[in-house]
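Trainee: please work out how this folds:
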Amino acid sequence: MTKIIFAALTALFLLGCGGGNDTETKIAYNKELGKTKDFKEKLDIGLKYCDKGLPKACEDSIDILLNGPATLKDSAKALKIAQKACDKGSEQSCIVIAVVLMTPNDQKNAEDIEVMTKAGLDYDIEKAISYLKKGCEYGKDSCELLINIYSGKARNLDEGIREAFINTNEAAKYIEKYYTFKEGGCKDQCNKDLGDLYLKTAKDVKKAKDYAIKACDAKASRCSDLAEEFEKLGDSDTAKMLATSGCNRGDRYSCRLYEKNYKK
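Mentor: Predicted structure coming up:
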């Protein structure tokens, strides 16, 4: 198997399993798996429990199909199982398929394309995004990739394609979902990222200001940096308000900024 598909599939095991919290199913799977050392039997058990909705079983099956005995190796089947594992709740499987779908055909050789064809896959950005959206229901890594796509930061895409998918509101939606997974809600860094997004991508100073105020309100130590950013934009009133807010809540950097620029 060539390096593009192998790298994408191997990432599944480096990043870890994304779902499957049915403890009884896990226990039964591990118990049955522990009764044999035969790879063919392990694969059959893995596929059986993959069908029952256990992502770990799907991923173990992929591992055997990629790294097991030569008689069992089947890259196309591994990709098919990764698609199934995404539907079963494995976020990293969703990412793997998305990465494969986003890789242009001119970066693949004949073997790559043959494997993808057998797995029923082809270069398709829209389909890749649909896999990432599904993955974003399970965890934050897929959400982060969607943020990059919708904010124009996906460097693995050609410039023209990258620009075509810029969508500030979609990026904002996935920033909030990302931080819901990471921090349990949209707090200071989340609001700062949203402000940066609307300022740099949409040139929407009003929304950027609204999010800056929320970020400052959430954490006083954010206020001084945000005040400096708005001062550079020529909005001294907002900068002063942010510095004052931070200083009033004990942030010494905000106080220094206020003393330097706004105290008369």
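
Trainee: where does this structure have its least confident helix or strand?
Mentor: helix 3-15 (a mean of 56; mean pLDDT, DSSP states H and E).

Trainee: restricting to C-alpha, output the helix or strand following it in CSV.
Mentor: Next helix or strand after helix 3-15 toward the C-terminus (DSSP states H and E): helix 23-33. Written as CSV, here are the backbone C-alpha positions of helix 23-33 (Å, rounded to 0.1, in the frame of the first residue of the first chain):
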residue,chain,number,x,y,z
THR,A,23,-19.3,-1.3,28.8
GLU,A,24,-21.1,-4.7,28.5
THR,A,25,-20.3,-4.9,24.8
LYS,A,26,-16.6,-3.9,25.4
ILE,A,27,-16.3,-6.6,28.1
ALA,A,28,-17.9,-9.3,25.9
TYR,A,29,-15.6,-8.3,23.0
ASN,A,30,-12.4,-8.3,25.1
LYS,A,31,-13.4,-11.7,26.7
GLU,A,32,-14.0,-13.3,23.3
LEU,A,33,-10.8,-11.8,21.9
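
Trainee: contacts only, for C190.
Mentor: Contacts for C190 (Cβ atoms under 8 Å, 6 or more residues apart in numbering) come out as I175, E176, Y178, Y179, E183, A215. From N, CA and C alone the C-beta is placed, and that goes for glycine too.

Trainee: which ones among these lie within helices?
Mentor: Counting by DSSP state H, the part of those found in helices is I175, E176, Y178, Y179, E183, A215.

Trainee: spatially, which two of these are the most separated?
Mentor: Y178 and A215 (15.3 Å; Cβ to Cβ).

Trainee: ok, residues contacting stretch 203-215?
Mentor: Applying Cβ under 8 Å, 6+ apart, the external contacts of stretch 203-215 come out as 168, 188-192, 194-196, 198-199, 222, 226, 229-230, 233, 235, 238, 241-242, 245.

Trainee: how about stretch 148-162?
Mentor: Residues outside stretch 148-162 that contact it (Cβ under 8 Å, 6+ apart): 102-104, 125, 129, 132, 145, 147, 163, 165-168, 170-171, 174, 197, 201.

Trainee: any of those buried? List them.
Mentor: With burial judged by 16 or more other Cβ atoms under 10 Å, the buried subset of the contacts of stretch 148-162 is 102-103, 125, 129, 132, 145, 147, 165-168, 170-171, 174, 197, 201.

Trainee: which of these lies closest to K77?
Mentor: T103 (19.3 Å).

Trainee: for K133, see how far away that closest one is.
Mentor: 19 Å (Cβ to Cβ, to the nearest Å).

Trainee: then L197?
Mentor: 18 Å.

Trainee: re earlier: closest to Y253 among the contacts of C190?
Mentor: Taking Cβ to Cβ as the measure, Y253 sits nearest to A215 out of the contacts of C190, at 14.7 Å.

Trainee: once you drop chain neighbours, what's closest to that closest one?
Mentor: Of all residues not flanking A215 in the chain, N191 sits nearest, at 3.8 Å (Cβ to Cβ, 6 or more residues apart in numbering).

Trainee: burial measure for the one you found, as a count.
Mentor: Around N191 there are 25 other residues, counting by other Cβ atoms under 10 Å.

Trainee: what sits against C223?
Mentor: Contacts of C223 by Cβ under 8 Å, 6+ apart are C216, L242, A243, S245, G246, C247, R249, D251, S254.

Trainee: can I get stretch 134-141 in CSV? Just the C-alpha atoms.
Mentor: The C-alpha coordinates for stretch 134-141 follow below in CSV (Å, rounded to 0.1, in the frame of the first residue of the first chain):
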residue,chain,number,x,y,z
LYS,A,134,-20.3,13.6,11.5
GLY,A,135,-17.0,13.3,13.4
CYS,A,136,-17.6,16.7,15.0
GLU,A,137,-20.7,15.2,16.7
TYR,A,138,-18.2,12.9,18.5
GLY,A,139,-15.2,15.0,19.3
LYS,A,140,-13.3,18.3,18.8
ASP,A,141,-10.6,17.2,16.3
